Structures are given as C-alpha cells and as structure tokens.
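Undergrad: This is a predicted model, with the sequence first.
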Amino acid sequence: MPESPPRLPETYQTKMHRVKFSLRFLKPNSPNYLKPRPFSTHLESSGSMVCHLKARSVIRFKGPDTVKFLQGLVTNDVRRLSEPSTDNRSFGAVGTPNFPAVAVPPVYAALLTAQGRFMHDMFLYRPPQPDEKLNSTGSGPGPIPEEFELFADVDASSLDELLEVLKKYRLRSKVDIDSVAEDFSCWQRFGWNLSEKSSSAEEPEAASVGWGGSVDHAGVASSGGNKCGWEWYKDPRLDCLGFRGIFPSNETAPLVEADKEADEKHYLLWRLEKGVAEGPSEIPKGEAIPLEYNLAGLNGISFDKGCYVGQELIARTHHRGVIRKRLLPLRFLDDQGREVGEKVVPQSEVIDVASRKKVGTVTTALGFRGLGLLRLEEAFKGAGFLAIQGQDGVRVKSNRPEWWPAEWYLDHQQSAAA
C-alpha cells in the first residue's frame with residue numbers, strides 16, 4: 001500500500017487553510033476561460049526545502065570521445081556541454097578558488113530502446129574546470145585538465161543495468177564509464193519562494209550574499225559552491241522544480257543547514273503536483289513513449305540534433321502532431337470531494353464513471369496524490385467523472401499543469417472535433 005505524504009519538519013510547518021479549486025476547461029479564446037491552476041498542498045506555503053536524493057546515483061564519462069559517444073546515444077543535444085559557455089560570471093574572467101568564472105547548465109536527456117521506448121533518464125553535468133577558476137593560492141587560473149569529463153545523475157536502482165548498457169554501446173569509443181556513487185551525491189532545492197523568473201543559473205540565495213548595496217562576490221562563491229567548484233544549477237526541466245546539483249559525498253551541499261534536510265518524499269510530492277515523473281520506477285522501462293510522458297516539454301528531447309538510438313519513433317510521433325495520451329497530476333477524492341489517501345496503488349485503472357470505459361492508468365501514487373497516463377479527451381471532459389476501477393467511493397481529479405504549452409491542450413480538442 002502507498003505511504004501517506006510525510007509530515008514536514010517542524011521548521012517548515014506553517015498555518016494554512018485549503019482552497020478548493022473548480023477547474024473549467026473551456027477554449028482559451030473563450031471569454032469565460034479560466035487558466036487551470038495547480039492543486040494546492042502544504043508544500044505551497046512551506047518555504048524552500050532541500051533533499052539529498054538517495055534514489056539517484058552518479059556515473060562518470062571520461063575520455064576524448066565522451067561527447068561524441070553520448071550525442072549518438074541520448075535524446076538531447078549534449079554538444080553544448082563541450083562548447084565555451086556564454087553565461088560568464090559578473091565578477092571577472094576568473095572566479096574564486098571554489099567557484100568557476102563560467103557556468104555550463106546541465107542537460108536532461110533519456111536513453112531509449114531501439115524501438116523508441118524509455119529506458120533511463122539522466123542529468124548530464126560538466127564538472128568545474130581547473131583553468132576556469134583560481135588555483136588554491138589565488139594567484140592565477142588552475143591547470144588545463146588533461147581529459148574531458150562529464151558526470152551523470154541517474155537512477156540508483158538501475159545503476160548496474162545502465163552501466164552494462166552504456167558499455168555495450170561503447171564499442172571502440174575512447175571513453176571510460178564508471179560509477180562514482182561513493183564519491184558524489186545528488187541534491188535538489190525546491191519550494192514556492194525559489195525564483196522562477198531569474199535568467200541566471202546561480203542559486204538566488206547565493207547570489208544575494210553581499211554587504212550594503214554591493215555584492216560580495218567572494219561571499220557568493222563561498223555560499224554557492226564548495227572548494228571543488230560544484231554549485232547549484234537551475235533544474236534543466238522546469239524552473240518550478242527549483243535547483244539541482246551534484247556534490248562530493250564527504251561534504252554537506254552548499255546552503256544546507258545542519259539537520260534541516262527534508263525527507264525525499266517531499267520532493268516526490270512536489271513533482272507529483274507539477275506532473276513530472278522521474279526515473280524508471282515512474283516511467284515504465286521498455287514501455288513508455290517519451291512524448292506521452294512529456295519529456296519534450298521537460299527539455300529532454302532535441303528534434304534537430306541528428307540521429308540517436310530510438311529516434312525514428314520520436315520524430316515520427318512528433319511530426320505527426322497527435323498525442324492522445326499524456327501524463328497528468330491526479331488527486332484522489334471521496335464522493336464528498338474530500339481527499340483520501342492510502343487507497344490507490346500504481347497500476348490501478350482509471351475509468352469513466354458514465355461509460356465504465358478505461359481512461360488510463362495510475363503510474364505513481366503517494367497518499368492522495370499521484371500521476372496517471374490518461375487519454376486527454378476523457379480526462380478533461382467537462383461533465384465526466386473519473387474513478388478507480390474496483391475502488392468504490394474513490395474519485396479521480398486530473399489537472400492540466402501550468403507549465404504545459406497551450407497547444408497540448410488544443411491538440412486534444414481539435415482531434416476530438418475532427
């Protein structure tokens with residue numbers, strides 16, 4: 001049975017009241033159209049939180065063919081990780097001993113089967129380069145690195161399987177692939193008060209460090225990175241997901257207070273509210289079509305990068321322009337509209353109450369929240385009611401996330417009209 005959403009640490013507890021939203025899905029050009037709003041929970045008023053993502057692990061790619069190898073393998077364009085960054089810091093050509101002068105944002109991508117089905121997702125990082133920051137004495141830039149490296153934040157439960165697949169595709173490419181799970185850890189910062197509009201890749205709290213009306217850039221470096229130069233980056237998928245980073249396991253991540261780390265389930269609940277799945281435990285391995293799980297809207301797919309494993313199905317589906325099912329955030333309610341938890345499990349069928357036809361499947365569930373792959377026409381039908389097959393008294397409320405492009409919603413209206 002799924003577990004209930006965890007209670008927030010006392011430092012994050014706040015008084016609040018729930019507001020019930022009545023969503024009306026009319027045509028966007030209608031005068032009565034209301035923009036869909038997200039489901040509200042206690043996380044919306046709890047401030048920023050930080051989680052050590054123990055469900056994720058880290059692998060390293062090292063060698064001159066690293067970018068070429070990954071470019072022909074994953075769904076996104078990784079060439080920008082090897083190109084000079086245009087996001088130069090405001091504090092000069094060279095940073096500080098623990099903070100590089102340039103920032104190269106991470107890349108979110110997926111590895112597919114030859115048939116275009118999802119296998120693994122990953123966040124690719126270029127580590128801070130010694131020659132882009134001051135050396136330990138502060139007298140000048142550090143040495144030029146001998147070999148090119150990339151790090152990948154991947155699902156921990158399938159780490160060994162992923163390493164085996166990557167080494168199978170390596171053939172004669174000059175790239176070493178190994179696990180550095182003992183040396184590095186993955187972290188996530190999220191919450192309603194983290195800036196969503198900032199164009200900078202820097203963490204907002206780190207960027208605000210200073211004295212008086214000016215910015216103390218050494219203070220920014222000290223708070224935003226550690227002695228190795230690792231730092232927080234905006235989540236490459238969506239601004240509303242906050243910041244993500246890889247940091248040495250033997251040190252606390254920057255901006256994390258002692259004993260203030262939140263439970264990882266809070267991050268899962270935050271993603272469920274936003275309609276974002278992560279890893280093969282939430283995106284069925286060997287079955288899921290990436291476009292149905294919204295990877296294009298999560299900046300995980302490049303449609304002009306060239307060939308990669310599984311590209312044919314992705315390109316054909318994208319250019320055809322018809323996607324009838326998508327992953328949606330769900331809320332589980334009783335007949336009186338009250339939230340009910342611990343009654344829905346993954347793989348439960350969602351049905352239309354009137355027709356008794358299957359609309360989709362619950363893919364992830366945590367308490368009264370979940371994600372489901374549903375047919376859009378039935379999910380947003382104005383007069384229809386959704387329920388869980390075999391669970392009397394459990395209704396399902398689906399929501400269109402705010403970050404969805406407008407054409408995703410219009411597509412299902414146009415196909416229904418046709």
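TA: Done, it's in.

Undergrad: alpha carbons only for contacts and neighbour counts from here, please
TA: Noted.

Undergrad: doesn't residue 75 make contact with residue 111?
TA: Yes. Between residue 111 and residue 75 there is a contact under CA atoms under 8 Å: 6.6 Å.

Undergrad: which of those two has more neighbours?
TA: residue 75 (31 against 24; other CA atoms under 10 Å).

Undergrad: distance of that one from residue 356?
TA: According to CA to CA, to the nearest Å, residue 75 stands 37 Å off from residue 356.

Undergrad: what's the answer for residue 173, then?
TA: Distance of residue 173 to residue 356, given as CA to CA: 53 Å.

Undergrad: Could you do residue 83 as well?
TA: In this structure, residue 83 and residue 356 are 54 Å apart, going by CA to CA.

Undergrad: So these two - more neighbours on which side?
TA: Taking other CA under 10 Å, residue 83 and residue 356 do not tie; residue 356 has more neighbours (12 against 9).

Undergrad: looking at this protein, which helix or strand does the model trust least?
TA: strand 210-211 (a mean of 38; mean pLDDT, DSSP states H and E).

Undergrad: In the chain, where is pLDDT below threshold?
TA: Within the chain, the set of residues satisfying pLDDT under 70 comprises 1-46, 84-101, 131-140, 142-143, 193-229, 258-259, 382-384, 410-418.

Undergrad: Do a quick rundown of the helices in it.
TA: Counting by DSSP state H, the chain has helices at residues 66-71, 159-170, 204-207, 217-224, 264-274, 311-320, 376-379, 406-417.

Undergrad: Show me what counts as buried in the second one.
TA: Applying a neighbour-count criterion of 16 or more other CA atoms under 10 Å, the buried positions in helix 159-170 are 159, 162, 166, 170.

Undergrad: now do the first one
TA: For helix 66-71, a neighbour-count test (16+ other CA under 10 Å) marks 66, 67, 69, 70, 71 as buried.

Undergrad: List the contacts of it.
TA: Here helix 66-71 makes contact (CA atoms under 8 Å, 6 or more residues apart in numbering) with 77-79, 81-82, 148-150, 170, 173-175, 308.

Undergrad: Identify the residues contacting residue 285.
TA: 117, 118, 119, 120.

Undergrad: Can you say which two of those residues are spatially most distant?
TA: Greatest spacing in the contacts of residue 285, by CA to CA: 117 and 120 (9.7 Å).

Undergrad: End to end on stretch 326-344, go ahead and measure it.
TA: Terminal residues of stretch 326-344 lie 19 Å apart, using CA to CA.

Undergrad: what does stretch 318-338 give?
TA: Start-to-end span of stretch 318-338 (CA to CA) is 38 Å.

Undergrad: buried set for that stretch?
TA: So, applying 16+ other CA under 10 Å, buried residues of stretch 318-338: 323, 324, 325, 326, 327, 328, 329, 330, 331, 332, 333.

Undergrad: Could you save those as TSV and add columns showing distance to residue 399?
TA: Shown next, in TSV, are the buried residues of stretch 318-338 (distance: CA to CA, whole Å):
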residue	distance to residue 399
323	17
324	16
325	14
326	11
327	10
328	6
329	6
330	7
331	8
332	12
333	13
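
Undergrad: So which of the helices of the chain is nearest residue 102?
TA: helix 217-224 (12.1 Å).

Undergrad: hmm, back to that, so which of the buried residues of stretch 318-338 are in strands?
TA: Among the buried residues of stretch 318-338, DSSP state E puts 325, 326, 327, 328, 329, 330, 331, 332, 333 in strands.

Undergrad: Of the residues you listed, which is the nearest to residue 370?
TA: residue 330 (4.9 Å).

Undergrad: Show me the beta-bridge partners of that closest one.
TA: For residue 330, the beta-bridge partners are residue 370, residue 398 (DSSP bridges).
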